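Q: Structure of the sequence below:
(2 chains)
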Amino acid sequence: MLKYVSFVVIGLVAQATAIAQVAGTPPPGRLLASNCFQCHGTNGKAVSGMESLAGKSASELKSQLAEMKAQPEGRIMDVHAAAYTDAQIAAIAAYFATVK
Amino acid sequence: MSITRRNFLAALGAGGMSMLPISRGWAEDLPTSLSGTNPIWIPSTAPITPVPTNYTAVGRVIVIGGGMAGATVAKYLRIWGGSKVQVTLIEPSTAYVSNIMSNLVLNNQLSLSSLNFNWNRLVTNYGVQRVQGTVTTIDPVAKKVFLSGSTTPLYYDRLVVAPGIEFDVIPGLETAAAQAQIPHAWKAGSQTTTLRSQIQNMAAGGTFLMSIPKAPYRCPPGPYERACVVADYLKRYKPGSKTIVLDENAGIIAEAKTFAQAFASLNVDYRPATAVAKVDPVNRVVTTATGNTIKANVLNIIPNQRAGAVLASNGLVNVGGRWAGVDVLTYASTVSGAGNVHIIGDSSATTQPKAGHIANQEAKTCADAIVRLFLGLQPDQQIMTNSSCYSPISSEQASWLTAVFAYDPVSKTMKVVANNPAEAPVPSSDNLKEMRQWFSNLMCDSFA
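A: Residues are numbered from 1 along each chain as shown, chains lettered A, B, ... in the order given. This next block holds a predicted model:
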């Protein structure tokens, strides 16, 4: 039992060290999601009129973008959303969900 | 630029008062209206993403040029790189005048001063160091630059060059006096207000003639937008006037459907594949490449364009004698031995348009790549960028254009994604409203 506990502790320390070494590593999805910042504000915090995306749930963003992709190309976001794959949309949505 | 109480307080914020809830207003954020309705400009309390102090990336970056690309890369190097990535922004001007929206100065919908931006927020909010000056010499071997009139080198680990564009000289317009008389107004500033005065002083029934340069040039839809905005103004206020457009390109190169329809409804005399050979500024006569002469009351000749002078004088122009070749994963120069020099925005030779919105995204791609290089990581290989913009078609309606680009590892270029680009089905007043929101957010993402 003692052996097991110390193994877990060592594992946690190793993990914490690994995280500390890479502080500031670009998180997944951030550069991709930054394509939204021009209109929806830095990190999805809009300043004027446009919808803020920061802190929205990933599932909500994914379903909004999927709906736009399915629209005929009447609005700018319908065309824009259609350019991204489902995997890219999932990565973008996951990133905005982490923004406080 | 006068120091207002508000930006004085913001300046104090840099000295350790940044925790206080002070106003971050600019001298320029006076409410300015478009068609007498909502304010167009950035609110004085734009959200700020803090610069992390615990990030491990370390390096010195010098950014040359404070336009859309240069301002954005400076900001994002700090918020993505952290406080140990030092960023120095070198720019000769005291203000940046937005080219985006500047056609609306010509029809009196906006004042030029409402398009003035500065770098104060990059300094106070993100700790960017600002140097006012002009870089003359780039030495990528010793990793240093020199400012005009200085023998003191400034050292860097990575250099980002974003100088915008230079203009060819049109025969007949060699002198500064002739250029002031026949303004291109393709770099917003005093030429924009000169052109506005000329258009407003033109008698009803006069002729406005403008030319469109050979692509690639800055802002592909911009000249067509200008032709529409001016023709719409003349129709309203100068009855019987005529608008002639000489396009050196074979046809309309952006939003072709939108502009063809607008030209038809505004009676614009559009002449494709027509290059300007020379201009007589005194008599206001244009001679085309095929020898035709056309007289007008107001001439707006937009010259062909090339990369910023600092790139040419330092051997960094290597594409077609005009533009700077780059690797679009990092925007590093393709000139041998200059891999620590990154070139973003209108000066770079890529498959992407030369325009402020996509320059902002090129800047983010470049900032992310530089941060990864400082961390010893490989650049992201799955780059996407986008070019989106709104174009006023009249004082009441606007159109839009969007194109998304993805990195293609085979050609090593940014390729437009299938089903893109696209333009608005019809111009509308809703688009004009969205244009204001787009502009405010874009400028805030770049400068605030």
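Q: and the gap between A:E73 and chain B?
A: 6 Å (CB to the nearest CB, to the nearest Å). No exception for glycine: its C-beta is placed from N, CA and C like everyone else's.
Q: pLDDT value on that residue, please?
A: Note on A:E73: pLDDT of 75.
Q: give me every residue that touches it.
A: A:V79, A:A82, B:N419, B:A422, B:P425 (CB atoms under 8 Å, 6 or more residues apart in numbering or on different chains).
Q: So what does it have for phi and psi?
A: Here is the backbone geometry of A:E73 (degrees, to the nearest 10): phi -80, psi 70.
Q: what do you get for the one 10 residues further on?
A: Torsion angles at A:A83 (phi, psi; degrees, to the nearest 10) stand at phi -80, psi -10.
Q: picking up where we left off before, can you flag the buried ones in the contacts of A:E73?
A: A:V79, A:A82, B:A422 (16 or more other CB atoms under 10 Å in any protein chain shown).
Q: could these go into TSV alongside pLDDT and secondary structure?
A: Shown next, in TSV, are those (pLDDT from 0 to 100; DSSP: H, G, I helix; E, B strand; the rest coil):
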residue	pLDDT	secondary structure
A:V79	92	helix
A:A82	93	coil
B:A422	91	strand
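Q: For these, please prepare TSV with the additional fields distance to B:M68.
A: TSV is the format used below for the buried ones among the contacts of A:E73 (distance: CB to CB, whole Å):
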residue	distance to B:M68
A:V79	22
A:A82	26
B:A422	23
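Q: ok, and the closest non-adjacent residue to B:G133?
A: Nearest residue to B:G133, sequence neighbours excluded (CB to CB, 6 or more residues apart in numbering or on different chains): B:L147, at 4.1 Å.
Q: Now for B:K354: which residues touch it?
A: By CB under 8 Å, 6+ apart, B:K354 lies in contact with B:I165, B:P216, B:Y217, B:R218, B:C219, B:P220, B:Q305, B:G345, B:D346.
Q: Next one: the residue nearest to B:L209 when sequence neighbours are not counted from B:K354, what distance?
A: Using CB to CB, 6+ apart and skipping residues adjacent in sequence, the residue nearest B:L209 is B:A296, 3.7 Å away. Computed as CB to CB, to the nearest Å, the B:A296 to B:K354 distance reads 27 Å.
Q: what does B:G321 give?
A: 16 Å.
Q: pLDDT score for B:S113?
A: 88.
Q: Confirm that it sits in a strand.
A: No - with DSSP: H, G, I helix; E, B strand; the rest coil as the criterion, B:S113 is assigned helix and is not in a strand.
Q: neighbours of it, just the number please.
A: Neighbourhood size, B:S113 [other CB atoms under 10 Å in any protein chain shown]: 15.
Q: okay, which residue is most central for chain B?
A: With distances taken as CA atoms, centre = their mean, B:G356 lies nearest the centre of chain B, 4.3 Å away.
Q: what about the residue nearest to that residue when sequence neighbours are not counted, neighbour count?
A: Of all residues not flanking B:G356 in the chain, B:M68 sits nearest, at 3.8 Å (CB to CB, 6+ apart). Using other CB under 10 Å, B:M68 has 32 other residues around it.
Q: Near chain B, which residues of chain A are found?
A: A:21-26, A:30-32, A:34-35, A:37-43, A:45-50, A:73-74, A:76, A:79-80, A:82-84, A:88 (CB under 8 Å from any CB of the partner chain).
Q: Now a ChimeraX select for only the buried ones of the residues you listed.
A: Remark: buried members of the residues of chain A next to chain B, expressed as a ChimeraX selection using 16+ other CB under 10 Å:
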select /A:24,26,30,31,32,34,35,37,38,39,40,41,42,43,45,46,47,48,50,73,76,79,80,82,83,84,88
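Q: The residues of chain A next to chain B in helices, which ones?
A: Among these, the members falling in helices are A:Q21, A:R30, A:L31, A:L32, A:F37, A:Q38, A:C39, A:H40, A:I76, A:V79, A:H80, A:Q88 (criterion: DSSP state H).
Q: Pull up the gap between B:G127 and chain A, please.
A: Following CB to the nearest CB, the distance that separates B:G127 from chain A is 15 Å.
Q: Run through the residues that contact that residue.
A: Applying CB under 8 Å, 6+ apart to B:G127 gives the contacts B:V51, B:R78, B:S83, B:V87.
Q: Report pLDDT for residue 80.
A: Answering for chain A, as no chain was given. Model confidence at A:H80, expressed as pLDDT, equals 93.
Q: Chain B is the one I meant
A: Per the predicted model, pLDDT is 98 at B:W80.
Q: Need the three-state assignment for it.
A: With three-state DSSP as the basis, B:W80 sits in helix.
Q: That one reaches B:C366, doesn't it?
A: No - with contact defined as CB atoms under 8 Å, B:W80 does not count as touching B:C366 (10.8 Å).
Q: Have a look at those two and say which one is more surrounded.
A: Legend: neighbour count by other CB under 10 Å for B:W80 and B:C366, higher for B:C366 (32 against 25).
Q: Dihedrals phi and psi, B:A324?
A: Dihedral pair for B:A324: phi -100, psi 120, per degrees, to the nearest 10.
Q: so where do the helices sit in the stretch 201-350 of chain B?
A: Using DSSP state H, counting those that start in this stretch, the helices of the stretch 201-350 of chain B run over B:222-237, B:256-265, B:309-312.
Q: List the contacts of the last one.
A: Counting by CB under 8 Å, 6+ apart, helix B:309-312 makes contact with B:64, B:134-136, B:138, B:161, B:163, B:166, B:306, B:317, B:324, B:343, B:347, all of which sit outside it.
Q: in chain A, what spans have low per-residue confidence?
A: A:1-21 (pLDDT under 70).
Q: SS state for the residue in the stretch 1-150 of chain B that chain A sits nearest to?
A: At 2.9 Å from chain A, B:Y55 is the closest residue in the stretch 1-150 of chain B, using CB to the nearest CB. What three-state DSSP gives for B:Y55 is coil.
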